[in-house]
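Colleague: The amino acid sequence is not available; the structure is as follows:
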């Protein structure tokens, strides 16, 4: 059943890719909005503060928001679940770029990235394996997108204000 689902996804992605044949295959992490800054974000809640996060957006809404403002590869597809891989398959020469919601905000966490942000995995599916290109954090109220090559908030984290 997994093999059939995998081939269905590959067929779908191939069709989508053919429809976008003039699009670039390069990953662009330059924001399409005018303002971006590098910043160090806090990693813990200050004592006495409380979380105001809200989890009322669907995965599809969050992923559409990310694709609209993050200027990722034009052929990137939104997935509801992790793509299947088969290490016995031949590696694809042109990977399939995808985004999937990895984690939703957790109001009980003291870590800012876990409490206030959706965690989005931006990766490349090569058929036999998956590779992460970026972790994208979206603030619970959609007020900011944070791009992280490290996968967590650090001094290289790039904040984009849509």
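Modeller: Yes, it's here. Only a predicted model underlies this, so the values are computations on that prediction, with no experimental measurement involved.
Colleague: tell me which residues of stretch 133-148 are tucked away?
Modeller: Residues 133-140, 144-148 are the ones in stretch 133-148 that count as buried (16 or more other C-beta atoms under 10 Å). (C-beta placed from N, C-alpha, C; glycine too.)
Colleague: same check, this time on stretch 97-104
Modeller: Residues of stretch 97-104 classed as buried by neighbour count (16+ other C-beta under 10 Å): 97-102, 104.
Colleague: Report the rounded mean pLDDT for it.
Modeller: Averaged across stretch 97-104, pLDDT comes to 95.
Colleague: How about stretch 148-162?
Modeller: Mean predicted lDDT for stretch 148-162 stands at 83.
Colleague: if we can go back for a sec, next step: the buried residues of stretch 97-104 restricted to strands.
Modeller: Among the buried residues of stretch 97-104, the members found in strands (DSSP state E) are 97-102.
Colleague: and which of the residues you listed is nearest to residue 89?
Modeller: Of all those, residue 89 sits closest to residue 98, with 16.5 Å by C-beta to C-beta.
Colleague: ok, that closest one to residue 133 distance?
Modeller: Per C-beta to C-beta, to the nearest Å, residue 98 is found 10 Å from residue 133.
Colleague: likewise residue 155?
Modeller: For residue 155, the distance to residue 133 - C-beta to C-beta - is 19 Å.
Colleague: For the protein, just list every one of the helices.
Modeller: 2-19, 59-69, 112-115 (DSSP state H).
Colleague: burial count for the closest residue to residue 142 other than its chain neighbours?
Modeller: The shortest distance from residue 142 to any non-neighbouring residue, by C-beta to C-beta, 6 or more residues apart in numbering, is to residue 65 (5.8 Å). Residues lying near residue 65 (other C-beta atoms under 10 Å) number 17.
Colleague: Now for residue 65: which residues touch it?
Modeller: When contacts are counted by C-beta atoms under 8 Å, 6 or more residues apart in numbering, residue 65 touches 57, 138, 142, 145, 162.
Colleague: Dig out what the closest residue to residue 81 other than its chain neighbours forms beta bridges with.
Modeller: Once flanking residues are discounted, residue 81 sits nearest to residue 100: 7.0 Å by C-beta to C-beta, 6+ apart. With DSSP bridges as the criterion, residue 100 is bridged to residue 121.
Colleague: Also residue 145?
Modeller: Beta bridges link residue 145 to residue 138, residue 160, judged by DSSP bridges.
Colleague: What's the per-residue pLDDT of it here?
Modeller: 93.
Colleague: Sounds good, over and out.
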